[in-house]
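> Okay, sequence plus prediction incoming.
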Amino acid sequence: MLKRSTTGKSLSAAEKRLWSAAQVTAFVAALAVIAGLLVYPDWTLRLAWFGVVPLLPASFLINAGLWRGLCPIATANTLGAQDGGRILHGKTLQILLVVGMMLLIVLIAGRRLVLNTQGPVLAGLLLAIVAAAFVLGRVFRSKAGFCNSLCPVLPVEKLYGQSPLLYVRNPRCVPCDLCSTDGCLDIDPVRAVAPKTRPLDWMKTPFGLFSVAFPGVILGYFLTSDYPAAGAAALATSIFGGGLASLVLLGAGTALVSTVFHLPVRKVVATLGALSIGTYYWFAAPASVAAFGGADLLGTVLRAALMALVSVWLVVAIRRAA
Ligand code: SF4
């Protein structure tokens, strides 16, 4: 039976105050966004999708723990947590992780279908997710029921947070509560994405399949439009078809290159992560600038800066993997 860890130094009083203030601020900001989606939907949707959300992937490159420490949904999850909650591991955890990956891809398609344009629908979804995270916190220990299993953001936190550029202290689990230790991102970002195995074996795991399919999902998202400009079938084909094409083509290419060059799995995962986030910012950077009326040149500069960040991150990740 797992025992609770006693390792991990407690946060100082100043660190606790700082994190608590930041968490309360983030939670209040999230409530304000939800209210804004109901009262000023157009403006708030623009702020959310073109201002706030695009910051997250870059923050994961720096350290996914930054967002995991602040995230209002994680705050709801840990507020609900109580002593004696169930731990998650083994097959149940693996199934919930797969559900989280599928939820992410469905939500990406949902953005095009309704979430990019209908503020009240997005507000309702966010409220439902916050409530679900709280309830799951009552049942499962610490972050096991949501943040470390079902959360649809977790797959990208793992993919982009596998080789953090900076150290950030995990403020929520001190000491670790052993809630879901199989591949916990907060304990070991490398082991969370790439257990010691051969690339071909890793690619057959759920996270391996997701990592290979995800660049195509992102490309498919940006190559289509919001409903109804694009019909429901067309946008589903672009996003899900993009994922499928990526799974087959990028999967075959990755298998070939990793076999011929005897690449270690960590290099493969880092390259796939860089490909996904690079594809995302190629489109998202100019789109964000344009959404707030910025000049095309500014969009190009922002895109170049983010490509530089992704390149630096990839070089660091590859070096660490050597
Ligand atoms: S560090 Fe990971 S396993 Fe430990 S309590 Fe936090 S989320 Fe759970």
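Sure, I can see it.
> Pick out the residue in the stretch 151-300 of the chain sitting closest to the ligand.
Closest residue of the stretch 151-300 of the chain to the ligand, CB to the nearest ligand atom: Cys173 (2.8 Å). Bear in mind the C-beta positions are built from the backbone N, C-alpha and C, glycine included.
> Now that residue: phi and psi?
In terms of degrees, to the nearest 10, the main-chain angles of Cys173 are phi -120, psi 80.
> do Ser311 as well
Dihedral angles (degrees, to the nearest 10) for Ser311: phi -60, psi -40.
> Spatially nearest residue to it (excluding sequence neighbours)?
Ala274 (7.7 Å; CB to CB, 6 or more residues apart in numbering).
> helices or strands next to the helix or strand the one you found falls within in the packing?
Assigned by DSSP states H and E, Ala274 belongs to helix 265-291. Here helix 265-291 touches helix 55-70, helix 154-160, helix 189-193, helix 199-203, helix 206-222, helix 232-260, helix 296-321, going by 3 or more CB pairs under 8 Å, 6 or more residues apart in numbering; DSSP states H and E.
> go again using 7 Å as the cut-off
Applying 3 or more CB pairs under 7 Å, 6 or more residues apart in numbering; DSSP states H and E, we find helix 265-291 packed against helix 55-70, helix 154-160, helix 199-203, helix 206-222, helix 296-321.
> of those helices, which approaches His262 most closely?
helix 199-203 (9.3 Å; CB to CB).
> Checking Leu166 next. Helix, strand or coil?
Three-state call for Leu166 (DSSP: H, G, I helix; E, B strand; the rest coil): coil.
> Please tell me how far it sits from Val156.
18 Å (CB to CB, to the nearest Å).
> okay, those two: which has more neighbours?
Val156 (23 against 9; other CB atoms under 10 Å).
> buried sites along the one helix or strand in the chain whose mean pLDDT sits lowest?
Within the chain, no helix or strand scores below helix 189-193, which has a mean of 90 by mean pLDDT, DSSP states H and E. Within helix 189-193, the residues that qualify as buried are Pro189, Val190, Ala192, Val193, counting by 16 or more other CB atoms under 10 Å.
> pLDDT weak spots in this structure?
By pLDDT under 70, the weakly predicted segments of the chain are 1-8.
> Now do the strands in the stretch 1-150 of the chain.
Assigned by DSSP state E, counting those that start in this stretch, the stretch 1-150 of the chain shows no strands.
> and it, which residues reach the ligand?
Where the stretch 1-150 of the chain comes near the ligand, counting by CB under 6 Å from any ligand atom, the residues are Ser142, Lys143, Asn148.
> Go again with 8 Å.
Ser5, Arg141, Ser142, Lys143, Ala144, Cys147, Asn148 (CB under 8 Å from any ligand atom).
> Tell me the spacing between the fourth one and Ala128.
When you say that, I think you mean Lys143. 19 Å.
> One more: Glu15?
32 Å.
> which ones are touching Tyr167?
With contacts defined as CB atoms under 7 Å, 6 or more residues apart in numbering, Tyr167 has no neighbours.
> mind starting the numbering at 57 from now?
Right, with 57 as the first residue, what we last looked at is Tyr223.
> Which one of Glu71 and Ala184 is surrounded by more residues?
Glu71 (13 against 10).
> how far is the helix holding Ala330 from where the chain is centred?
Chain-centre distance of helix 321-347: 12 Å, with CA atoms, centre = their mean, to the nearest Å.
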